[in-house]
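K.L.:
only the shape, not the letters, is given here:
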């Protein structure tokens, strides 16, 4: 049986490693994105309010971050930026490194707004206010899309559950049919190939429903 087991899975093994590694990496990236995104709009709104009171930009950034939870990723990024400034790193370089290890589309807009404000002036509070509204809109659209996709995924997993239930029922009612298929060389190959197709289908569903809003 091990010979037949290797025939199908040997070919699949070349793809399983990269796929699993990519899935784990994407999960970690998305987890970090969500952790940052959960506090980002509140941070921007607080920063806008502080800037309108006449507070300097860097002081306002520190003050806005202080109002966040201690484990907030936004607060950690602000602390790192302040630490770079304290150690003598140039201001533009310190600001430019804000959130550099977080995959978030609005971080670059925030950084560029700060740098342009330093270079040419302008009303930074209005720019950041529009950015905060944009981030909130993206959050709303993302949650709505995820809810709709969740319904479709639920249907797929229901079908998968019924398939597993049918196999379990056949194993209980007609065990000789299932055992005979597994022990037969061709049947064992079919079992392997079917399981691989199901796994490939689940992976494909994950890929086509992955949204970047």
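P.N.:
Received it, and whenever you're ready, just let me know what you need. The shown structure was predicted, so the numbers you read here are calculated from the model rather than taken from an experiment. Numbering: from 1, shown residues only.
K.L.:
for stretch 71-89, what is the average pLDDT?
P.N.:
The average pLDDT for stretch 71-89 rounds to 92.
K.L.:
would you mind measuring from the spatially most central residue of the chain to residue 104?
P.N.:
Among the residues of the chain, the one closest to the centroid is residue 30, at 1.7 Å (Cα atoms, centre = their mean). Remark: distance between residue 30 and residue 104 (Cβ to Cβ, to the nearest Å) = 11 Å. Where C-beta positions appear, they are placed from N, C-alpha and C, glycine not excepted.
K.L.:
before we move on, the earlier item: can you tell me the element the residue nearest to the centre of the chain falls in?
P.N.:
Here residue 30, judged by DSSP states H and E, is contained in helix 2-52.
K.L.:
does residue 131 touch residue 114 like I think?
P.N.:
No. Taking contacts as Cβ atoms under 8 Å, residue 131 lies outside contact range of residue 114: 10.8 Å.
K.L.:
mind giving me the packing neighbours of the helix or strand of the chain with the lowest mean pLDDT?
P.N.:
Using mean pLDDT, DSSP states H and E, helix 185-208 stands out as the lowest-scoring helix or strand of the chain, at a mean of 76. Identification of packing neighbours for helix 185-208 by 3 or more Cβ pairs under 8 Å, 6 or more residues apart in numbering; DSSP states H and E yields helix 2-52, helix 124-173, helix 175-183.
K.L.:
how many neighbours does the closest residue to residue 117 other than its chain neighbours have?
P.N.:
In space, and not counting its chain neighbours, residue 117 is closest to residue 124: 4.2 Å by Cβ to Cβ, 6 or more residues apart in numbering. Other residues within reach of residue 124, judged by other Cβ atoms under 10 Å, total 19.
K.L.:
repeat that for the one 5 residues further on.
P.N.:
Applying other Cβ under 10 Å, we find 18 other residues in the vicinity of residue 129.
K.L.:
hang on, the earlier thing: per-residue pLDDT of the residue nearest to the centre of the chain, please?
P.N.:
Value for residue 30, per-residue pLDDT: 85.
K.L.:
so how far is residue 144 from it?
P.N.:
18 Å.
K.L.:
for residue 91, same thing?
P.N.:
39 Å.
K.L.:
now do residue 185
P.N.:
50 Å.
K.L.:
wait, residue 95 touches residue 112, no?
P.N.:
No. The pair residue 95 / residue 112 is not scored as a contact, 9.6 Å apart, by Cβ under 8 Å.
K.L.:
so which of these two has more stuff around it?
P.N.:
residue 95 (22 against 13).
K.L.:
what's the burial count for residue 183?
P.N.:
10.
K.L.:
swap that for residue 135, please
P.N.:
By other Cβ under 10 Å, neighbour count at residue 135 equals 22.
K.L.:
who touches it in this structure?
P.N.:
Residue 135 is in contact with 37, 40-41, 44, 106, counting by Cβ atoms under 8 Å, 6 or more residues apart in numbering.
K.L.:
which two in these are spaced the farthest apart?
P.N.:
37 and 44 (11.4 Å; Cβ to Cβ).
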